[in-house]
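In: Sequence first, predicted model second:
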Amino acid sequence: MPVTKVLIANRGEIACRVIRTCREMGIPTVAVYSEADRGALHVRMADEAYLIGPAASRESYLLVEKILEACRKSGADAVHPGYGFLSENAEAAAALEAAGITFIGPNIEAIEPMGSKTEARKVAMKAGCPVVPGVQESMADEALIAKAKEIGFPVMIKAAYGGGGKGMRLVHKEADLIPSIERARGEALSSFGNDTVYLEKAIVKPRHIEVQVFGDKHGNHVYLWERECSVQRRHQKVIEEAPSPHVTPEMRRAMGEAALKVAKAVNYVGAGTVEFLADQDRNFYFLEMNTRLQVEHPVTEWITGLDLVKWQILVARGEKLPLAQDQIQLNGWSIECRIYAEDPDKNFMPSPGRITYLRTPASRNVRDDSGVYQGAEVPMFYDPMISKLSTWGPTRPEAIKRMEAALGEYRIGGIRHNVDFHKALMTHEPFLKGELHTGMLDTPFWKKKGVGPRFRHAIAAALFAELEAEERRAQAPVASGGRPDAWRAWGKFNRL
Amino acid sequence: MPVTKVLIANRGEIACRVIRTCREMGIPTVAVYSEADRGALHVRMADEAYLIGPAASRESYLLVEKILEACRKSGADAVHPGYGFLSENAEAAAALEAAGITFIGPNIEAIEPMGSKTEARKVAMKAGCPVVPGVQESMADEALIAKAKEIGFPVMIKAAYGGGGKGMRLVHKEADLIPSIERARGEALSSFGNDTVYLEKAIVKPRHIEVQVFGDKHGNHVYLWERECSVQRRHQKVIEEAPSPHVTPEMRRAMGEAALKVAKAVNYVGAGTVEFLADQDRNFYFLEMNTRLQVEHPVTEWITGLDLVKWQILVARGEKLPLAQDQIQLNGWSIECRIYAEDPDKNFMPSPGRITYLRTPASRNVRDDSGVYQGAEVPMFYDPMISKLSTWGPTRPEAIKRMEAALGEYRIGGIRHNVDFHKALMTHEPFLKGELHTGMLDTPFWKKKGVGPRFRHAIAAALFAELEAEERRAQAPVASGGRPDAWRAWGKFNRL
Amino acid sequence: MKRTLTVGKEKVELEFTRINGVSTMVWNGEVVPLDIREVEPRCYSVIIDGKTVDVSLDTVKNPDPDVHAFRATLFDGTYDFQLQDPMKGLLAGAGGAAGSGGILTAPMPGKVVKILVAQGDRVEEGQTLLILEAMKMQNDYKSTASGRIKALHVAEGAAVETGASLVTVEAVEE
Amino acid sequence: MKRTLTVGKEKVELEFTRINGVSTMVWNGEVVPLDIREVEPRCYSVIIDGKTVDVSLDTVKNPDPDVHAFRATLFDGTYDFQLQDPMKGLLAGAGGAAGSGGILTAPMPGKVVKILVAQGDRVEEGQTLLILEAMKMQNDYKSTASGRIKALHVAEGAAVETGASLVTVEAVEE
């Protein structure tokens, strides 16, 4: 399949990141943009750019026909979907392929089963990859009790049609089982109108660890080690790292091989991620497979020295994977922080608006994957990601120290953001020790306490700004419709 | 020796770079600045800052007593000299040590012999490190002739007290020897007032290859591979890379071991560089030893994953080198371009002034060691370096492609700079092939030819700016002492 | 120039002077010599007694135009504080600053996806009144007091700016 | 708005219009629809027929205030060109633009370290007249014509700005 001009069906940092790899490969790029994104960085960086509709993504970035139209206009013969939007949409991939456009993503036969959690679980079980012990089918209470004993406590009861924690019950001993099932059924019925529940082994302090896999069209598959993404808030990843501080060399090989079994079972082509839950005893269980490039792929790029987007393009072209398993290096450690336009002081409420000042960290082994610039507008229509800041160090403590220093250099004016929140995490004892689990942010330990030793410097700057503003007002020429005398008098009054 | 607070006796990018490592190590930093540098980046980045005199470096950065005074004021117990200024000044190092301040640089006994080219050559010869065959002493013509035959042609005749290419003569065959010696003596006498000449084997298309060495206070020495710095203009390095495309594994080991012989001969402590000239047949000869951190150390940091400033501090504290020779990795390839405020269209004339716009490249494995910011002044008093842009890739072509793309993203407004010059080098065939030698920039192949396919876009932007300026003038309020009617009329006139 | 600094619940009386380019701050009576330069727009290099700090300043919207609210970002963190001309503070104190009076305003730009109450409804403190969507997230907006819905200022589907009035809740006597 | 573009030795007649926010350029008679936005100060996102380019614009000092000289930086290189209002060009043409008249001016800020000629000296084209130092480098400044030194405008040791007059050379009849 030829890949001679790539249209990126995405926006923000991932669109910019794909454009950069294409540039290095000498491939022209085509950006698409909504009405809200005319001034966005990806439109500035690409070689061509086409408007595809209004701000709302369902009227622009999510419409495959708009993408096809932009392909026709530009002559792009390949589409990179980034992550989100159309990246895991089998129908969109099929529509592109039908139009003779190369979809730089997995084969459609792999997207479909992995799009359904229960289907994916079946594929994994059949392939011999461990899954969380339990039943996923509707079952009578007696059968559930028998199953719980078989699995061993603690177990988790979950509503089959549920979500958001409702209808979930953690059960530590057999005596609590029947009352818990009853309460779970009651909640499920009132919340979701269906009282079907199922049962899984409960994993205490679970860790989210995922394996990066790659396949080509010649049946070759490799794994590019793991990433740990246990630092989450409301099931959203906040910090990712590679490798995982929890994983031993034996566990790494076992997880890699388990991930490859899943990939091979669907003849996986391109970049994919097999997500696992791991318990504190290093048992791991298949969770799901993401059939796209992950947000957190930079940490894998740091430790392997590879360019995953380049590999995606090579595979899409029909080339063989450039390296065999034993040629892939694991060098040092990498951490990534997701920098968001959100306010940690107000329950992480999104904070769209204009970035009036921007200073990005510049240092050794620091990478800032950004989709913004000073003066750019962070629109309210899309996710609030400003950039992904990642660092590398020979060891985990060095990568973390570098991240802490880099966060200290990061300045974003005009909107609220989570840089200080990340700084607090970089000195959080359990994080430093690598004692991660998906609930570690449930306690808001990052809340600020008082002011630092340089507070007076901040006040001095503000006083300076106040004086300058007064002097400017006092000296300002007559503005049309203004009251110069009033301003002047006020300025003088204030400087008494 | 304690290193609990570091004063950086330097400015610009290297001061900022040292501050960053100190931050990661949790060591407070002290900046010093001249009157021209109050707004410089290193003053903004450090924890403390002290004025040490007027703009001229001989009245500020070069005065060790000013540095000592700033140490006393701040309580700094260590001084990092960067490169240039006091970095290779044995007297300054001694004055600091006498005041109980740790000099983060080599032992004084190593600085002294290496400060003299002829002394250094003697040390190298004695240590068994190859030097350029020839004589460095005053000699009668007959003795010179005999020596020339012994060494073999071509030979180079050089003025003993000369420099800048004057009094130098390349001789290809014996018949030309006597007339050349006579002319060299004549030039030397008129230029330097002394007609002493000496003779060396001429190296055709020489390559400048240097080895990074490190020593600790316990007698351990390692080498951190080589850098090639053959791309020079007027004997100034322009582009550096590591490793060298010319060096084979055998040559690498041989050069490293030769460099260690020199380092051991002076009980070298800290970071040092042994410079060699290599011929196209891979013979190499000791040139000199630089007893400081080099400008181009980032390329070594990229391929080893190490932080050389951190190593300097560890060694200064009396710690042992963190790694043994067989633990030092050589991973991938790195290129560095020196970005200068100079005008390649006007014979590289320096271009000091205000940086009105700055956009630095941000990408995977791109590092910009900068000493400036948007709005910063590049003073006319110091060297015109804006930043050092370096990239890494798994292979040399990938590192070069990444550099080319990164240079394309670099934007510097308000002053002239050499970004386009570097871009031209990144597509220069001999450079791509690794066929480097120190005279490769003698032909100005980088001169621009015409305009590119997007020239109309540039013109459109300028027309847009013209229209906006006219409209602003037309709408401007009455300026004090202005002639509003005249401006308005002009504005209208122009929009007819 | 005099200012009253408010940070958290503390207040500090400040004075700032610049004579022939030399800046000085008086902090609760203590004289502090300053070396300040605006190195970038709204970004200051401040040296006090050899300690150098790079301060980025953001202005924060404040309902009272006489109270200037700032957010300063330094290497070691972000601080929110307010400065007020003490003369104006006195005047304002005499006039009496009114509270926000039970009006729920939009804390960010977004779209009103759902309104869960109607005019005249009795509501409890903490009850969700409406749902606002921005950046792919839906946020609940709850009443800060018990009372009755006096007015709805927006309709479902409306796009709102930061600070826009959404709902007015009035206290009811029991 | 009309402009004459000069790039190298070529001239192009241009027209630029903006009506209701829609920009159009006429390039030697050819109509080119434009989509332009100033995304940062002096930095423009320009889309022409789907091709998008990010253009940074620098203004270059020019002795004639009616000739606006620009340096534009794009991803693919840097271009120098000039724009002039054709009406003013005509006026200027009629008035006659004078040359620089044998005055050697400083091409960059620096310090005069040495003056090698005196008033009244005969000089040849290419002869070094003085040495200017900036950024640790000394640069020779040579006469662009043969003639006689009419005036020295600076002394050794003087600091000079870009464009400052250094030496006036007058032609002499042989």
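Out: All right, it came through fine. Quantities reported herein were computed from a predicted structural model and do not represent experimental measurements. Numbers count the residues shown, from 1 in each chain, chains lettered A, B, ... in the order given.
In: Counting neighbours, what do you get for residue 123?
Out: Here I'm looking at chain A. Per other Cβ atoms under 10 Å in any protein chain shown, the neighbour tally for residue A:123 reads 20. Bear in mind the C-beta positions are built from the backbone N, C-alpha and C, glycine included.
In: I was thinking of chain C, sorry if that wasn't clear
Out: Neighbours of residue C:123 under the rule other Cβ under 10 Å: 20.
In: What confidence value was assigned to it?
Out: Listed pLDDT for residue C:123 reads 87.
In: thought it was touching residue C:129?
Out: Yes: judged on Cβ atoms under 8 Å, residue C:123 makes contact with residue C:129 at a distance of 6.7 Å.
In: What distance do you get for residue A:396 to residue D:110?
Out: According to Cβ to Cβ, to the nearest Å, residue A:396 stands 51 Å off from residue D:110.
In: what about these two, which has more around it?
Out: More neighbours surround residue D:110 than the other of residue A:396 and residue D:110, with 26 against 17 (other Cβ under 10 Å).
In: ok now do the more buried one, which residues does it touch?
Out: If you count contacts by Cβ atoms under 8 Å, 6 or more residues apart in numbering or on different chains, residue D:110 has them with B:350, B:380, D:132-134, D:139, D:159-160.
In: Model confidence score at the closest residue to residue A:273 other than its chain neighbours, please.
Out: Leaving aside its sequence neighbours, residue A:273 sits nearest to residue A:290 (Cβ to Cβ, 6 or more residues apart in numbering or on different chains; 4.4 Å). Here, the pLDDT recorded for residue A:290 equals 95.
In: circling back to that earlier point, buried subset of the contacts of residue D:110, written for PyMOL?
Out: In PyMOL syntax, the buried subset of the contacts of residue D:110 is picked out as below (16 or more other Cβ atoms under 10 Å in any protein chain shown):
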select buried, (chain B and resi 350+380) or (chain D and resi 132+133+134+139+160)
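In: quick one on the thing from earlier: which residues do residue C:123 and residue C:129 both contact?
Out: Common contact partners of residue C:123 and residue C:129 (Cβ under 8 Å, 6+ apart): C:117, C:143, C:149, C:169.
In: isn't the residue nearest to residue A:273 right up against residue A:84?
Out: No: if you go by Cβ under 8 Å, residue A:290 and residue A:84 don't touch, sitting 11.0 Å apart.
In: residue contacts, the residue nearest to residue A:348 when sequence neighbours are not counted?
Out: Distance criterion Cβ to Cβ, 6+ apart; nearest residue to residue A:348, sequence neighbours excluded, is residue A:342 at 4.7 Å. Shown in contact with residue A:342 (Cβ under 8 Å, 6+ apart): A:348-351, A:384, A:416-418.
In: would TSV of those residues with secondary structure and pLDDT be doable?
Out: Output for the contacts of residue A:342, formatted as TSV (DSSP: H, G, I helix; E, B strand; the rest coil; pLDDT from 0 to 100):
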residue	secondary structure	pLDDT
A:348	coil	92
A:349	strand	91
A:350	strand	92
A:351	coil	93
A:384	coil	93
A:416	coil	95
A:417	coil	96
A:418	coil	96
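In: so how far is stretch A:421-435 off the chain centroid?
Out: Distance, stretch centre to chain centre, for stretch A:421-435: 19 Å (Cα atoms, centre = their mean, to the nearest Å).
In: what does it rub up against?
Out: Stretch A:421-435 has contacts (Cβ under 8 Å, 6+ apart) with A:231, A:238-239, A:245-246, A:337, A:339, A:344, A:389, A:396-397, A:400, A:403-404, A:407-408, A:436, A:440, A:445-446, C:77.
In: Mind checking what helix or strand follows the helix or strand encompassing residue A:403 in sequence?
Out: Residue A:403 is part of helix A:396-409 when elements are defined by DSSP states H and E. The element immediately downstream of helix A:396-409 (helix or strand, assigned by DSSP H and E) is strand A:411-413.
In: So which of the contacts of residue D:110 are in strands?
Out: B:350, D:132-134, D:139, D:159-160 (DSSP state E).
In: buried ones in the helix holding residue A:403?
Out: The neighbour-count check on helix A:396-409 (16+ other Cβ under 10 Å) flags A:396, A:398-409 as buried.
In: by contact count, what packs against that helix?
Out: Applying 3 or more Cβ pairs under 8 Å, 6 or more residues apart in numbering or on different chains; DSSP states H and E, we find helix A:396-409 packed against strand A:333-340, strand A:385-393, helix A:419-425, helix A:429-432, helix B:12-25.
In: Looking at the ones you listed, spot the one closest to residue C:153.
Out: Comparison of the helices and strands packed on helix A:396-409 against residue C:153 by Cβ to Cβ identifies strand A:333-340 as nearest, at 29.1 Å.
In: which one is the residue nearest the centre of chain C nearest to, not counting chain neighbours?
Out: Taking Cα atoms, centre = their mean, the centroid of chain C lies closest to residue C:62, which sits 4.6 Å from it. Excluding its sequence neighbours, the residue lying closest to residue C:62 (Cβ to Cβ, 6+ apart) is residue C:69, at 4.2 Å.
In: Next secondary structure element downstream of the strand or helix carrying the one you found?
Out: Element membership for residue C:69 (DSSP H and E) is strand C:67-74. Sequence order places strand C:77-84 as the next helix or strand after strand C:67-74, per DSSP H and E.
In: Kindly give a single PyMOL line that selects the buried subset of the shared contacts of residue C:123 and residue C:129.
Out: To isolate the buried members of these in PyMOL, using 16+ other Cβ under 10 Å:
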select buried, chain C and resi 117+143+149+169
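In: What's the nearest residue in the stretch 201-350 of chain A when you look at chain B?
Out: residue A:305 (5.1 Å; Cβ to the nearest Cβ).
In: so that residue makes contact with residue B:332?
Out: Yes: between residue A:305 and residue B:332 there is a contact under Cβ under 8 Å: 5.8 Å.
In: before we move on, which element is residue C:32 in?
Out: strand C:30-40.
In: Return the list of helices and strands in contact with the helix or strand just after that strand.
Out: As assigned by DSSP H and E, the chain's next helix or strand after strand C:30-40 is strand C:43-48. When contacts are defined as 3+ Cβ pairs under 8 Å, 6+ apart, strand C:43-48 packs onto helix A:455-475, helix B:41-45, strand C:30-40, strand C:51-60.
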